[in-house]
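Undergrad: Pasted the sequence and its predicted model underneath.
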Amino acid sequence: MMNTIEDLRKHLFETLAQLRSKEQPMEIERAQAIAQVAQVMINSAKVEVEHLKIVGGKGTGFIKESNLPAGITGTQQHRLR
């Protein structure tokens with residue numbers, strides 16, 4: 001099961017490899033279905049990012065937070081109203 005954007009990318013690259021396989025190529029319809037589901041997941045992540053920008057909340061973990069530099073233990077976001 002895919003739980004992160006990295007998992008999704010890995011699966012999509014595996015799909016590309018299967019499409020190119022001369023020995024056991026993947027059916028085009030199946031590859032298209034995989035791509036459509038992946039696009040829905042990506043669009044969902046985009047909505048999540050926009051929502052978090054507005055409300056300043058935490059993500060679901062689908063997109064990993066970037067590592068903080070040494071000595072930095074957290075961040076605080078301030079909003080002007």
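TA: That came in fine, so what should we check first?
Undergrad: Only alpha carbons, please: show stretch 17-31 as CSV.
TA: This file holds the C-alpha atoms of stretch 17-31, laid out as CSV (Å, rounded to 0.1, in the frame of the first residue of the first chain):
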residue,chain,number,x,y,z
ALA,A,17,9.3,0.1,-16.5
GLN,A,18,6.5,-2.5,-17.0
LEU,A,19,5.1,-0.6,-19.9
ARG,A,20,8.5,-0.7,-21.6
SER,A,21,9.2,-4.4,-20.8
LYS,A,22,9.4,-6.4,-24.1
GLU,A,23,8.9,-9.7,-22.2
GLN,A,24,5.9,-8.8,-20.1
PRO,A,25,4.5,-5.4,-21.1
MET,A,26,1.6,-4.0,-19.0
GLU,A,27,-1.7,-3.4,-20.7
ILE,A,28,-2.2,0.2,-21.7
GLU,A,29,-5.6,0.3,-20.0
ARG,A,30,-4.2,-0.8,-16.7
ALA,A,31,-1.4,1.8,-16.9
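Undergrad: need the longest helix for this structure.
TA: helix 28-55 (DSSP state H).
Undergrad: In that one, which residues are buried?
TA: Residues of helix 28-55 classed as buried: 31, 34, 38, 45 (neighbour count, 16 or more other C-beta atoms under 10 Å). For the C-beta atoms, the positions are set from N, CA and C on the backbone; glycine is no exception.
Undergrad: Excluding sequence neighbours, find me the nearest residue to the second one.
TA: This means residue 34. Counting by C-beta to C-beta, 6 or more residues apart in numbering, residue 15 is the residue found nearest to residue 34 once chain neighbours are left out, at 5.1 Å.
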